[in-house]
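*Asks:* Turn this into a structure:
(2 chains)
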Amino acid sequence: MRFIEPHAHMVSRTTDDYLSLAAAGCEAVCEPAFWAGFDRGSVEGFHDYFCQLTVHEPRRAAKFGLPHFTWLCLNPKEAEDLQLAAEVIEMIPEFLECPNVLGIGEIGLNRNSRNELKALEMQVDLAARYRQLILVHTPHLEDKLKGTRLIIDALKSDRRIAPERVIIDHVEEHTIALALDAGFWAGMTLYPESKCTAARAIDMIETYGAERLWMNSACDWGVSVPLAVPRAALEMRRRGHSAAEVDRMLHGNPAKFLGQSPKFKLQQ
Amino acid sequence: MTRRQVLDLYFVEARSKLVDVAAFLDRAQRADGADDFRLKSFRAALGQLRSGGPDRARRVLLRLSDPTAKPIEAAGNQNACGAWAGSKGTRIKKKEGG
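*Replies:* The predicted structure is shown next:
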């Protein structure tokens, strides 16, 4: 089995997790910028984090033969301070030429506030001006439906944004059609306690088809499983999906979306 | 998969989760204090399981979701808790990851 982990917060994980991913057949890890579990207090704090994502973490992954890619942004949980948000967003272009940066992400909404929405619009504009792919975080739990609608409205209102270059992540049964019907890609996050289980993700594949869909672990500092994607592959096989269908979901689809960035290259 | 295959694969797991839900409701009932919006929403969502149609998971999630359309004024310090408290509702503090 081979797979791409398209959404993992490896700065929060141990070296053993890199070993487990590589041993399980992982061919690349992709790490969106996110919340550290606490609010950073300065632009310099974000600068250090972006250096970690573009310099240090690729070296750490390379020790296990894993290409490491990243996405940069100000995450929605730290968007309430708009002045800080603007300063951080202004700094992002200096990192966009780094060889492992695929685009802007994970931008989106958390509590669906006015300032979160403004920071989202600023970063959609940034992605459009620099012709970057976009990876979107949708809110948690009861906030997901409303947040997904607001995010899709914001994306569709910017005519420079091509839906096929955007993935709406963390979809569930009540939001997946919103993303797919609008022409976006959709990501299903496999979490033990929230978002969706492997069984539910496969239900969605069987209901909506495999087109423009991927699965990810979004493993981070919370309750999450770095090997959730290959475990979901075993579940697909138990349900009678062919090896080719599994390969499409775990490797073909993420490679197709991520390959829209010329920087995304897998080792031969 | 045939229905028989689905049952062979998932019945015991679903049965376990069903008993867990029942035990959770018993536990909440034994405990002192009043219901809050979470338990009320939970009971309302359970009603979706009894109705027909192929999209129970979607309808349960909709029943637990904020149905409003306008952004809120400010995020504050509190996070999502799994059920919508209403426009003037109180959130429950809880940590969240990705």
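
*Asks:* what about stretch A:187-204, average pLDDT?
*Replies:* For stretch A:187-204, mean pLDDT is 95.

*Asks:* how many neighbours does the residue of the stretch 101-250 of chain A found nearest chain B have?
*Replies:* Here the residue of the stretch 101-250 of chain A nearest chain B is residue A:222; by CB to the nearest CB that distance is 2.6 Å. C-beta here means a position set from N, CA and C on the backbone, and glycine is covered the same way. Counted with other CB atoms under 10 Å in any protein chain shown, residues neighbouring residue A:222 total 17.

*Asks:* what are the phi and psi values for it?
*Replies:* Torsion angles at residue A:222 (phi, psi; degrees, to the nearest 10) stand at phi -100, psi -170.

*Asks:* Which pLDDT value goes with it?
*Replies:* For residue A:222, pLDDT reads 93.

*Asks:* Show me what counts as buried in the helix or strand of chain B with the lowest mean pLDDT.
*Replies:* Within chain B, no helix or strand scores below helix B:37-50, which has a mean of 95 by mean pLDDT, DSSP states H and E. Across helix B:37-50, burial judged by 16 or more other CB atoms under 10 Å in any protein chain shown covers B:37-38, B:41-42, B:45, B:48.

*Asks:* now check stretch A:143-156, is it near chain B?
*Replies:* Yes - against chain B, stretch A:143-156 shows contacts by CB under 8 Å from any CB of the partner chain at A:143-146, A:149-150.

*Asks:* what residues does that stretch touch?
*Replies:* With contacts defined as CB atoms under 8 Å, 6 or more residues apart in numbering or on different chains, stretch A:143-156 is touched by A:108-112, A:117, A:120-121, A:124, A:134, A:136, A:138-139, A:161, A:163, A:166, A:168, A:170-172, A:174-175, A:178-179, A:182, A:184, B:61-62, B:65-69, B:71, B:80.

*Asks:* Report the buried residues of it.
*Replies:* Neighbour count says stretch A:143-156 has A:143-152, A:154-155 buried, by 16+ other CB under 10 Å.

*Asks:* Let's see which of these end up in helices.
*Replies:* Under the assignment DSSP state H, the buried residues of stretch A:143-156 contribute A:144-152, A:154-155 to helices.

*Asks:* So which of the residues of stretch A:143-156 next to chain B is the closest to residue A:24?
*Replies:* Closest approach between the residues of stretch A:143-156 next to chain B and residue A:24, by CB to CB: residue A:144, at 29.0 Å.
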